[in-house]
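heads up, no residue letters with this:
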């Protein structure tokens, strides 16, 4: 006689409303929901980019977990770093143009911190870095890219999952990391926490 295995469904929350992160999580076909963490994203100016993304990922996950203590919460944060300068989300088109001018024709890093928290004080963290080299495009092409408004709400002022991939000359690292979540790392954290995949209903 076939054994029927009970499936335990865990309440998993992505502490982000980013459409790019949701799209990556959707690809896992793992039940989850998304919620805005609503936290202050200010960090000490003396923090490195790596320290900042770790701190903010944990801050986001813990904020949502405090509202849902029985749930598992995945938080993430991302920063772009070029020549020692940290780039956050541009305030307007002029700021986006300045950021892209810094990136064109050179190599920069994208750091993404990930934090998974769960019941009973469970907490696991990781940080991934990808390195990207951009083509040195001209001023007219840059303005045409800015016209697409992909810079809005995006660290570094581009989206590699969109038209911004045409700026890319080389990518070293996890492409999903560049898009917002290092999925190889996310899957590892979830598996270590006991999550199963490809479950039958």
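Perfect, thanks for sending it. Keep in mind it's a predicted model, so treat the numbers as computed, not measured. Numbering: from 1, shown residues only.

just checking, what's the longest helix in the protein?
The residue-count maximum for a helix in the chain (DSSP state H) belongs to helix 49-67.

Return the distance of it from the chain's centre.
Centre-to-centre, helix 49-67 and its host chain are 12 Å apart (CA atoms, centre = their mean, to the nearest Å).

Stretch 132-151 now?
For stretch 132-151, the distance to the chain centre is 22 Å (CA atoms, centre = their mean).

re earlier: the longest helix of the chain - contacts with which helices or strands?
Helices and strands touching helix 49-67, as assessed by 3 or more CB pairs under 8 Å, 6 or more residues apart in numbering; DSSP states H and E, comprise strand 72-82, strand 107-118, strand 122-134. Backbone N, C-alpha and C define where each C-beta goes, glycine included.

Compare those and give me the one nearest residue 23.
Minimum separation from residue 23 across the helices and strands packed on helix 49-67 (CB to CB) falls at strand 72-82, 13.5 Å.

Could you point out the helix or strand that follows the closest one?
Next helix or strand after strand 72-82 toward the C-terminus (DSSP states H and E): strand 85-87.

in the longest helix of the chain, what counts as buried?
49-50, 52-65 (16 or more other CB atoms under 10 Å).

Now do the same contact list for the residue nearest in space to the middle of the chain.
Central residue of the chain (CA atoms, centre = their mean): residue 180, 2.7 Å from the mean position. Contact analysis of residue 180 by CB atoms under 8 Å, 6 or more residues apart in numbering lists 16, 18, 20, 21, 24, 76, 78, 112.

Enumerate every residue touching residue 65.
Per CB under 8 Å, 6+ apart, neighbours of residue 65: 71, 73, 117, 118.

The longest helix of the chain to strand 107-118, inter-axis angle?
If you take axes from the mean of the first three to the mean of the last three CA atoms, to 10 degrees, helix 49-67 sits at 30 degrees to strand 107-118.

Mind telling me what element residue 97 is part of?
Using DSSP H and E, residue 97 sits in helix 93-103.

ok, residues contacting that helix?
For helix 93-103, the external contacting residues (CB under 8 Å, 6+ apart) are 80, 82-83, 85, 87, 90, 108, 132, 134, 142-143, 145-146, 151, 156-158, 167.

If any of those residues are buried, give me the PyMOL selection for them.
To isolate the buried members of those in PyMOL, using 16+ other CB under 10 Å:
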select buried, resi 80+82+87+90+108+132+134+142+145+146+151+156+157+158+167
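
Off-centre distance for stretch 99-117?
With CA atoms, centre = their mean, you get 10 Å for stretch 99-117.

And it, what's buried?
By 16+ other CB under 10 Å, the buried positions in stretch 99-117 come out as 99-100, 102-104, 108-117.

ditto for stretch 169-189
Buried residues in stretch 169-189, counted by 16+ other CB under 10 Å: 171, 173-174, 176-183, 185-186, 189.

Residue 13 should be in a strand, yeah?
Yes: Residue 13 forms part of a strand when assessed by DSSP: H, G, I helix; E, B strand; the rest coil.

Could you dump the helices and strands packed on helix 49-67 into a markdown table with distance to residue 10 and mean pLDDT added?
Formatted as a markdown table, the helices and strands packed on helix 49-67 follow (distance: least, CB to CB, whole Å; pLDDT from 0 to 100):
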| stretch | distance to residue 10 | mean pLDDT |
| --- | --- | --- |
| strand 72-82 | 6 | 96 |
| strand 107-118 | 8 | 97 |
| strand 122-134 | 11 | 96 |
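
If anything else comes up later, I'll come back, but that's it for now.
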